[in-house]
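**Q** Below: sequence and its predicted model.
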Amino acid sequence: MDEGKMDENEWRYHGEGNKSLVVAHAQRCVVLRFLKFPPNRKKTSEEIFQHLQNIVDFGKNVMKEFLGENYVHCGEVVQLPLDFVKQLCLKIQCERPESRCDKDLDTLSGYALCLPNLARLQTYRFAEHRPILCVEIKPKCGFIPFSSDVTHEMKHKVCRYCMHQHLKVATGKWKQISKYCPLDLYSGNKQRMYFALKSLLQEAQNNLKIFKNGELIYGCKDARSPMTDWSELAHHLKPFFFPSNGLASGPHCTRAVIRELVQMLDLLDIEGLYPLYRRVERYLEEFPEERKTLQIDGPYDEAFYQRLLDLSTEDDGTVAFALTKVQQYRVAMTAKDCSIMIALSPCLQDASSDQRPVVPSSRSRFAFSVSVLDLDLKPYESIPHQYKLDGKIVNYYLKTVHAKDATVMSTRFKESEDCTLVLHKV
Ligand SMILES: O=P(O)(O)O[C@@H]1[C@@H](OP(=O)(O)O)[C@H](OP(=O)(O)O)[C@H](O)[C@H](OP(=O)(O)O)[C@H]1OP(=O)(O)O
Ligand SMILES: Nc1ncnc2c1ncn2[C@@H]1O[C@H](COP(=O)(O)OP(=O)(O)OP(=O)(O)O)[C@@H](O)[C@H]1O
């Protein structure tokens, strides 16, 4: 990319989350990922550069180690002409979903991340004439906490995602409860995985997006503008799968990535972690200058990674123990909130001779690539928020859903809500 000759007309809005906004190049397989901030919270250019560089280092030194070299694309920090960024920001503003406009794209620093466009195939040079389908799933936390610090019995039965659904609908984030449960998707049981994918299709929320040739064709921008028309989706998908019947590769690829268990670095659950966070906090209040030595805000280097590998849960009362658990928790939180992109492109019968990974479905064959994205380390400061939110989710669930079920129909809870059940009624 020639940063000296940037033209906003060559870029189009691609998507955004809570903290960053992505634009894709119209011809080339690259995207630019910009940070976003609330209007009154501006950061200096130097802080933004450091933040982006930390994201790259964390991807390189930590997440590649946990998830595998092939699945993590760290990209690089680029400096862009401020004029280009300002024009681009104006150009894409009308395409942004209303619910995301509480934060502004950073147009002051000129820094962004340049990454491969993961909605395209990553395993070989992209041939422009081939159609590409890409499924993006944000699976969320796929296990029930096993820590003895958990105080609510319900957390051993109903997973955080399923409980959180009730609070999200009550607060108007989404209109209806999704039947998707991450434990189904991660189960390895075909029927449960099928149910999970079907439920994602029925109620995509921010957990499922489908792109065709890089354009979003299925997904939910926000509760106000759902974009989930099944017949339109079928129309888009038909050329990919007809005459074979059924999606072939998604769950298998996903499972290969998920098997790595990074999420389970959350060994103590937020309930067990919070007192350790407080211990680190007390230490930092006394010795603020130690923040750097403890690598709270980076650098996320090899030494940082090595310390994450200590899985002991025996608390010797030290700050070092507390710090290790805090850093492991931050990594687990990151893995619980990342997305997986599976790009698929139909290929010819002899494609295996090109040494591309190929998924055979009943009739068609697909070259594919799998990538994990949004691997920014969760901030240390978000731990108190996590602690409060956890209590809020469980209490809301216990007060409303479970209480109602217990009085109206005592057996209904077990049948409909228990995430540890193996089979679903379909
Ligand atoms: O807490 P959760 O589970 O609601 O996750 C938040 C996500 O909400 P979700 O439930 O997936 O709709 C939330 O996603 P949305 O903004 O709702 O699309 C963010 O990913 C948030 O991360 P961050 O604060 O931007 O780093 C996520 O916050 P973290 O908990 O990962 O810090
Ligand atoms: N390298 C990439 N290639 C293609 N699309 C991407 C890439 N990176 C991000 N995207 C798209 O942009 C969207 C927003 O990116 P991302 O999830 O990183 O945002 P975020 O604000 O950091 O997320 P969160 O809401 O979890 O904080 C993704 O859902 C995905 O569709």
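**A** On my side now, so go ahead. Ligands and ions are numbered 1, 2, ... in the order given.

**Q** helix/strand/coil for the residue in the stretch 151-300 of the chain positioned nearest to ligand 2?
**A** Here the stretch 151-300 of the chain gets closest to ligand 2 at one residue, Lys209, 5.6 Å apart by CB to the nearest ligand atom. Backbone N, C-alpha and C define where each C-beta goes, glycine included. Reducing the assignment at Lys209 to three states with DSSP: H, G, I helix; E, B strand; the rest coil gives strand.

**Q** quick one: the residue lying closest to it once chain neighbours are set aside from ligand 1, how far?
**A** Distance criterion CB to CB, 6 or more residues apart in numbering; nearest residue to Lys209, sequence neighbours excluded, is Gly219 at 3.7 Å. Counting by CB to the nearest ligand atom, to the nearest Å, the separation of Gly219 from ligand 1 is 11 Å.

**Q** so where's the stretch 151-300 of the chain uncertain?
**A** For the stretch 151-300 of the chain, the stretches flagged by pLDDT under 70 are 223-230, 238-261.

**Q** Which residue ranges of it form strands?
**A** Listed in chain order, the strands found in the stretch 151-300 of the chain under DSSP state E, counting those that start in this stretch are 208-212, 215-220, 226-227.

**Q** Can you tell me which residues in this protein are near ligand 2?
**A** Applying CB under 6 Å from any ligand atom, we find that the chain lies next to ligand 2 at 14-20, 22, 31, 33, 115, 117-119, 136, 209, 337, 339, 373-374, 376.

**Q** Is it possible to mark the buried ones in those?
**A** Among those, those scoring as buried are 14-17, 20, 22, 31, 33, 115, 117-119, 136, 209, 337, 339, 373-374, 376 (criterion: 16 or more other CB atoms under 10 Å).

**Q** Narrow these to those in strands?
**A** If you go by DSSP state E, these have His14, Gly15, Glu16, Ser20, Val22, Val31, Arg33, Leu115, Glu136, Lys209, Ser339, Leu373 in strands.

**Q** Can you add distance to ligand 1 and give the residues you listed back as CSV?
**A** As requested, these are exported to CSV (distance: CB to the nearest ligand atom, whole Å):
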residue, distance to ligand 1
His14, 15
Gly15, 10
Glu16, 9
Ser20, 8
Val22, 13
Val31, 18
Arg33, 13
Leu115, 17
Glu136, 12
Lys209, 11
Ser339, 9
Leu373, 12
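
**Q** Need the max-distance pair from the residues you listed.
**A** When those are compared pair by pair using CB to CB, the two farthest from each other are Leu115 and Lys209, 16.6 Å apart.

**Q** burial of the nearest residue to Tyr300 once chain neighbours are set aside, as a residue count?
**A** In this structure, Tyr300 finds its nearest non-sequential neighbour in Phe58, 4.0 Å apart by CB to CB, 6+ apart. Other residues within reach of Phe58, judged by other CB atoms under 10 Å, total 25.

**Q** For the closest residue to ligand 1 within the stretch 1-150 of the chain, what are phi and psi?
**A** In the stretch 1-150 of the chain, the residue found nearest to ligand 1 is Asn18; the distance is 3.2 Å by CB to the nearest ligand atom. Taking degrees, to the nearest 10, you get phi -80, psi -30 for the backbone angles of Asn18.

**Q** So for the chain, the centremost residue is which one?
**A** Centroid-nearest residue in the chain: Cys338, 2.0 Å away (criterion: CA atoms, centre = their mean).

**Q** returning to what we had before: in terms of helices and strands, where is the residue nearest to Tyr300?
**A** Here Phe58 is covered by helix 45-58, with elements defined by DSSP states H and E.

**Q** likewise Leu35?
**A** Assignment of secondary structure by DSSP H and E places Leu35 within strand 30-37.

**Q** Now that strand: average pLDDT?
**A** Average pLDDT, strand 30-37: 96.

**Q** Now that strand: buried residues?
**A** Here strand 30-37 shows Val30, Val31, Leu32, Arg33, Phe34, Leu35, Lys36 as buried, counting by 16+ other CB under 10 Å.

**Q** Now find how far off-centre that strand is within its chain.
**A** Strand 30-37 has its C-alpha centroid displaced from the chain centroid by 15 Å (CA atoms, centre = their mean, to the nearest Å).

**Q** Report the closest residue of this protein relative to ligand 2.
**A** Ranking the residues of the chain by distance to ligand 2 (CB to the nearest ligand atom) places Gly17 first, at 2.3 Å.

**Q** any idea how far that residue is from Cys101?
**A** Using CB to CB, to the nearest Å, one obtains 13 Å as the distance from Gly17 to Cys101.

**Q** pretty sure Met154 is touching Tyr396, no?
**A** No - Met154 lies out of contact with Tyr396 (CB atoms under 8 Å); the separation is 11.2 Å.

**Q** got the contact list for Gln263?
**A** Residues counted as contacts of Gln263 (CB atoms under 8 Å, 6 or more residues apart in numbering) are Cys141, Gly142, Phe143, Ala332, Ala335, Lys336.

**Q** Nearest to Glu290, out of those: which one, please.
**A** Within those, proximity to Glu290 (CB to CB) peaks at Ala332, which comes in at 23.7 Å.

**Q** which ones are touching the closest residue to ligand 1 within the stretch 201-350 of the chain?
**A** Nearest residue of the stretch 201-350 of the chain to ligand 1: Asp337, at 3.6 Å (CB to the nearest ligand atom). Counting by CB under 8 Å, 6+ apart, Asp337 touches Lys138, Lys140, Asp374, Lys378.

**Q** if we can go back for a sec, parallel or antiparallel, which strands does the strand holding Leu35 pair with?
**A** Using DSSP bridges, the strands paired with strand 30-37 are strand 20-25 (antiparallel), strand 104-105 (antiparallel), strand 111-116 (antiparallel).

**Q** Could you save those strands as JSON lines and add columns showing distance to Gln328 and mean pLDDT?
**A** Compiled in JSON lines, those are given as follows (distance: least, CB to CB, whole Å; pLDDT from 0 to 100):
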{"stretch": "strand 20-25", "distance to Gln328": "24", "mean pLDDT": "97"}
{"stretch": "strand 104-105", "distance to Gln328": "32", "mean pLDDT": "96"}
{"stretch": "strand 111-116", "distance to Gln328": "25", "mean pLDDT": "97"}
